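In: next input, structure requested:
(chains A and B)
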Amino acid sequence: MKLLSTKATCNSHGQDSSYFLGWQEYEKNPYDEVLNPEGIIQMGLAENQLSFDLLESWLDRNPNVAGFKSNDGKSIFRELALFQDYHGLPSFKKALVDFMAEIRGNKVTFDPNHIVLTAGSTPANETLMFCLAEKGEAFLLPTPYYPGFDRDLKWRTGVEIVPIQCTSSNNFQITEPALQLAYQEAKKRNLRVKGVLVTNPSNPLGTTMSRSELNLLIDFIKDKNIHLISDEIYSGTVYSSPGFVSVMEILKERNDLEDCHAPVWDRVHVVYSLSKDLGLPGFRVGAIYSQNDVVVEAATKMSSFGLVSSQTQYLLSAMLGDKKFTKSYISENQKRLKRRQRMFVSGLQKAGIGCLKTNNAGLFCWVDMSHLLHSNTFEAEMELWKKILYEVRLNISPGSSCHCAEPGWFRMCFANMSEDTLNLAMKRLKAFAAAEFNGSSCSKKVTLQLGFPAIVS
Amino acid sequence: MGIEIEQPCVELSNVAVSETHGENSPYFAGWKAYDENPYDEFTNPSGVIQMGLAENQVSFDLIEKYLEEHPEEASTWGNGASGFRENALFQDYHGLKTFRTAMASFMEQVRGGRAKFDPQRIVLTAGATAANELLTFILANPGDALLVPTPYYPGFDRDLRWRTGVNIVPINCDSSNNFQITPEALEASYKDAEAMNFKVRGVLITNPSNPLGITIPREVLEEILDFVTRKNIHLVSDEIYSGSVFSSSEFTSVAEILEARENRNAERVHIVYSLSKDLGLPGFRVGTIYSYNDKVVTTARRMSSFTLISSQTQHLLASMLSDERFTESYMETNRERLRKRYQMIIEGLRSAGIECLNGNAGLFCWMNMSPLLEKPTREGELELWNTILLQVKLNISPGSSCHCSEPGWFRVCFANMSEHTLEIALQRIRDFMARIRTETETESA
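Out: Coordinates of the predicted model:
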């Protein structure tokens, strides 16, 4: 028998999970306004499709760039075609760090020499695992988390994930007891903890982390002498208060105030990408930012396995280098996300469905449908998910695929479709929820904790 | 006056701090010397000429011309207004269908139509570097071994071993038979691996070979295929230089042999390709894995999430690669130009008294400087290499960095510079050799 490696034959790629199964069903029967109006609407894909026109008009105004020409019309095709330096195009790195600073209100700045370019944030996260942990060691992640992490962080690295359980009782915020519990859990499983990885803003919660949570995390990693990875790929999608606070900002504050003799700069690493903020997942642009020279050096070498196309680096160095454009893009994009989210939340309300009230970022809502469950179990959640997939024909992501500790929560994306499609999705959901709620002979839980009265029609 | 409290450094992984990335070898040290003092025809005519970089710069004008004649391919994204949006969103690891299909047909063209490639079996990766690592993750577990014929591309030490934890066991080849792989060498290598308690998972060959610049003869490929079948292991054939064979008919791909065998036992064979060498586009990061094994294709596709090709680049190249008139004429011209360059360097070296392996492919020649070694050892070779770097101001790659078992061989690249620069380099070598002859004569006088 031709044996393949354990990695090839195991299931850590995670593609048997519902996250991917829903996707498959969608592919078989995709909604199309004209060709397939009864098809499945994709609400499981966190894409930002709201601001392409802004990018397209910039491209129209700058035709030289995509045509491999510099500002003076000179062809630089040859230079770009040959450019495979894993240090990255200097002009692109500069433009990228400036963009990252702009998103953070310029409260922090980034040194281009500390940034490592990768083909998307997927390899950025995996690379950090390779750099910071051995096979069999562990990272703590707050639940619920992005389903892709099971593959990205564990598959080829052999690193384990131990969950930091968060609950709806405090809007899924990270608490000190939860951190300590997770650390102990790892110990029980004989796993050496190398760090914590958080996504801020959170996927799937769609919320920014509070200052106190961030300080809590820094205290924790200082105490345990471990790393902190902050995946900030949604940082440009924050549209309402309390606004985005990056872990870098907190570090700077603490440095200024009291922590200068015990800095943790060496152990905090940020991941970024243009897939969500700019809506360019196809272009494969991600980055690792770290003040730790050894990590930057190792990660830079590892980036050989997934460099960003020089063609793309060049295009984006021009686009992101246009400061007038980036400023206006960031602000307009946020406005549109806010409007879209409002529309979505009100649609949910009409269906008697609530979502996390702290939702202020991201391309999705964390929706509470626990009142529609037959029982407070994950089996019931799966049943409901299947109904929504096959009967309502909406592909949404069940909380269990995000390792949520409580059944009944679903992530629903709203920025990857037109307004009309979203309205249709809301209509379908409303019809379904009304039928379920009225037809259900089980307990009719009325969830008041989220501040919306459940509408009983 | 503060008290410095030394904080214990939290460990990084072994992978992060290991030397397996191999960047402390001379292969990379020479680059450093070049970076610090790079030759430029006008601004630095006495600088170091880079002959350690296997790039193909001889045929850019053909591609530039194509892009000029088809501006819509680079500057727009295809069908109408939604073209950009669709392209920017496209992150499907199956790859752009048009691009995948174009790659398959291009690979067929490169092999003169002597083998067929099914676009469904093509997996796209950001360069061959990623492809080789990915295959290693799939075919072997940490601690296992791949057998690789020496001399081999120095980057393999990193690509195949660093993050995967897989070992390379050399299949020793030597100049007695022009470094051809023999059945005895294969068996010996397998036994070496067993003696080290490594489970052998496969053989990885580069065909045409880097650094030898020579195609593997059909009979040898058949032997290798028989060997891996007997041992029930995999065969990875890295064919990234297949389009750089000076005469197309001289290249036999393992794909051709499999077809002749009606794809019997094909599911152990995997081919790696890239556009970095044949098309001279290393910056665009375009690599592929072609596997006859369904499970490998599926797994590789999933793993390619870590190394997808920019959709912008896929779009650009899809049209160009599927334009058969263009690719046909490009291939012909490219081969001819490389052949001419090769002739030029071989004759130039010969006139300086240096012989090379009789090559027929690639962007480099395999030069024999063993008669010049003070000592016939690795140290002797590195001394000579250092002299050539610092005195002759040429960065070439010492055979030891390619794990060559015989000291004194060097890989010299010729396609990454203008003809004029190549002439300067050859002149420097001639002068160097003349100096040596004079010194030797003076000594013996």
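In: run the chain-centre distance for stretch A:181-194.
Out: Offset of stretch A:181-194 from its chain centre (Cα atoms, centre = their mean, to the nearest Å): 25 Å.
In: so which bits of that stretch are buried?
Out: Residues of stretch A:181-194 classed as buried by neighbour count (16 or more other Cβ atoms under 10 Å in any protein chain shown): A:181, A:182, A:183, A:185, A:186, A:191, A:193, A:194. C-beta coordinates here come from the backbone N, C-alpha and C atoms, glycine included.
In: model confidence over that stretch, on average?
Out: On average, the pLDDT along stretch A:181-194 is 97.
In: same thing with stretch B:166-175?
Out: 97.
In: any residue of it up close to chain A?
Out: No - under the criterion of Cβ under 8 Å from any Cβ of the partner chain, chain A is not reached by stretch B:166-175; the shortest gap measures 8.9 Å.
In: show me what that stretch is in contact with.
Out: B:136, B:140-152, B:156-157, B:160-161, B:179-182, B:185-186, B:188-189, B:192-193, B:196, B:198, B:200-201, B:203, B:357, B:368, B:403, B:405-406, B:409 (Cβ atoms under 8 Å, 6 or more residues apart in numbering or on different chains).
In: tell me the phi and psi of residue B:169?
Out: The phi/psi pair for residue B:169 (degrees, to the nearest 10) reads phi -110, psi 120.
In: now it, nearest residue through space, not along the chain?
Out: Closest residue to residue B:169 apart from its sequence neighbours, by Cβ to Cβ, 6 or more residues apart in numbering or on different chains: residue B:193 at 4.3 Å.
In: got the domain ranges for chain A?
Out: Here the domain parsing of chain A from automatic domain parsing is A:6-52+A:336-435, A:67-325.
In: if we can go back for a sec, you'd agree the residue nearest to residue B:169 is up against residue B:145?
Out: Yes - Residue B:193 is within contact range of residue B:145, at 4.7 Å (criterion: Cβ atoms under 8 Å).
In: anything in contact with each of those two?
Out: Contacts common to residue B:193 and residue B:145, judged by Cβ under 8 Å, 6+ apart, are B:167, B:169, B:199, B:200.
In: which pLDDT value goes with the last one?
Out: At residue B:200 the predicted local confidence, pLDDT, stands at 97.
In: that one: how many residues sit nearby?
Out: 23 (other Cβ atoms under 10 Å in any protein chain shown).
In: do the same with the second one
Out: Residues near residue B:169, counting by other Cβ under 10 Å, number 21.
In: again, but for the one 4 residues further on
Out: Taking other Cβ under 10 Å as the neighbour definition, residue B:173 ends up with a count of 22.
In: contacts only, for the closest residue in space to it that isn't next to it in sequence.
Out: In space, and not counting its chain neighbours, residue B:173 is closest to residue B:179: 4.3 Å by Cβ to Cβ, 6+ apart. Counting by Cβ under 8 Å, 6+ apart, residue B:179 touches B:149, B:151, B:173, B:209, B:212, B:214, B:357, B:366.
In: look up phi and psi at residue B:291.
Out: Dihedral angles (degrees, to the nearest 10) for residue B:291: phi -120, psi 140.
In: show me what the nearest residue to it once chain neighbours are set aside is bridged to.
Out: Nearest non-adjacent residue to residue B:291, counting by Cβ to Cβ, 6+ apart: residue B:270, 4.3 Å away. On the basis of DSSP bridges, residue B:270 is bridged to residue B:236, residue B:291.
In: in strands, which of the contacts of residue B:179 fall?
Out: Among the contacts of residue B:179, the members falling in strands are B:149, B:366 (criterion: DSSP state E).
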